[in-house]
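Novice: Provided below for reference: sequence and predicted model.
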Amino acid sequence: MGKVKLIYSSAVAAIVSITFTVAITICGELFIPLKNWLTDFSGHHWTSKSIFSVLIYFAAWGLLYFYSGSVSAKTVRKSLISLVVFSVAGILAILLFFTAHYFTIF
Amino acid sequence: MDFSFLTYKPVLVGLHLGFAIVGIDAFLWLAGEFLAGTFGKLRVKTAAVIGVLGFALSWLVGGYYYVVYYGKLVKPVIKAGVAPWSHAIFMETKEHIFLFVVPLAVTALLLAFLKKEEIKEYNLSGLAKTLAILVALLGLLIGAMGYMVSAAARWGQ
């Protein structure tokens, strides 16, 4: 059960981290003060996003592992399916956003 | 011994690409093991550990190159060249979706540490294969984007 709970916690934490990365990236491009704050935080906006995405992943992983109850087979499978869906959606969201941004649609 | 050569631009690009290739190849190996129904063996765990280390090192080395050199030296050349869209679309996408790789790869690594009976009990075989293939494909996609950015920099000079 311990290993399976680790997998469930990691999958959900990865979803949280990916969602954060997509949101902060798009919001940072649309709201320049946010991007400037990210740049000021570490010297480069991408470094700040990297640091936050890693911290969020490990913090969410730990919290989920220690504070979630027992995990069923169905719950683990659902978390992994969601991780695949969120990953593909995140890739498409970022690619489409920067394409639209280049063509000044956003 | 002087290791300052590690911060030279061509060395950094080579290490970034080399570690990424190690990560991609290890995850293709892992996907092959999962597709063959091999779970919990030492070689499956080895493939996953090598893959995660490869991607993590590629991220660190590539990140250093990106932050220190790319913005000052490469980006202006691309933006002034014949394919400025390669930075605006593909470099921007590449640098951000790279942040997905390590959490995905670590999750696949944990699946590689399950025994065959546990994989069967929780019915995770299909999802383990899907995740390993997704990580390898994501690495290849990022590599293809990196190639376009490099080509744009060469054409821009």
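Specialist: Everything's here; your move.

Novice: Which elements pack onto the strand or helix carrying residue B:25?
Specialist: Assigned by DSSP states H and E, residue B:25 belongs to helix B:9-35. The contact analysis (3 or more C-beta pairs under 8 Å, 6 or more residues apart in numbering or on different chains; DSSP states H and E) places helix B:9-35 against helix B:42-65, helix B:92-112, helix B:125-156. Using the backbone N, CA and C atoms, a C-beta is placed for each residue, glycine as well.

Novice: now the angle between helix B:42-65 and the shortest one, please.
Specialist: Between helix B:92-112 and helix B:42-65, the angle formed by their directions is 160 degrees, by axes from the mean of the first three to the mean of the last three C-alpha atoms, to 10 degrees.

Novice: Start from the N-terminal end of chain A and give the helices.
Specialist: Assigned by DSSP state H, the helices in chain A fall at A:2-30, A:32-42, A:45-67, A:73-102.

Novice: Comparing the ones you listed, which comes out most buried?
Specialist: Per residue and on average, the most neighbours among those fall to helix A:2-30, with a mean of 21 (mean count of other C-beta atoms under 10 Å in any protein chain shown).

Novice: Remind me what that one packs against, helices and strands.
Specialist: helix A:32-42, helix A:45-67, helix A:73-102, helix B:92-112.

Novice: Nearest to residue B:52 among those would be which one?
Specialist: helix B:92-112 (4.8 Å; C-beta to C-beta).

Novice: so where's the chain uncertain?
Specialist: In the absence of a named chain, this looks at chain A. By pLDDT under 70, the weakly predicted segments of chain A are A:1.

Novice: that's the wrong chain, I wanted chain B
Specialist: Counting by pLDDT under 70, the ranges of chain B that qualify are B:157.

Novice: Would you tell me which residues of chain A are close to chain B?
Specialist: A:3-4, A:6-7, A:10-11, A:13-14, A:17-18, A:21-22, A:25, A:43-44, A:46-47, A:49-50, A:53-54, A:57, A:73, A:76-77, A:80-81, A:83-84, A:87-88, A:90-91, A:94-95, A:98-99, A:101-102 (C-beta under 8 Å from any C-beta of the partner chain).

Novice: again, only using 6 Å
Specialist: Counting by C-beta under 6 Å from any C-beta of the partner chain, chain A comes close to chain B at A:3, A:6-7, A:10-11, A:14, A:17-18, A:21, A:25, A:44, A:46-47, A:53, A:57, A:73, A:76, A:80, A:84, A:87, A:91, A:94-95, A:98-99, A:102.

Novice: Now distance to residue B:45 too, for the helices and strands packed on helix A:2-30, in a markdown table please.
Specialist: Below are the helices and strands packed on helix A:2-30 laid out as a markdown table (distance: least, C-beta to C-beta, whole Å):
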| stretch | distance to residue B:45 |
| --- | --- |
| helix A:32-42 | 34 |
| helix A:45-67 | 19 |
| helix A:73-102 | 19 |
| helix B:92-112 | 5 |
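
Novice: Out of these, flag the one nearest residue B:121.
Specialist: Closest to residue B:121 of those is helix A:73-102 (C-beta to C-beta; 7.1 Å).
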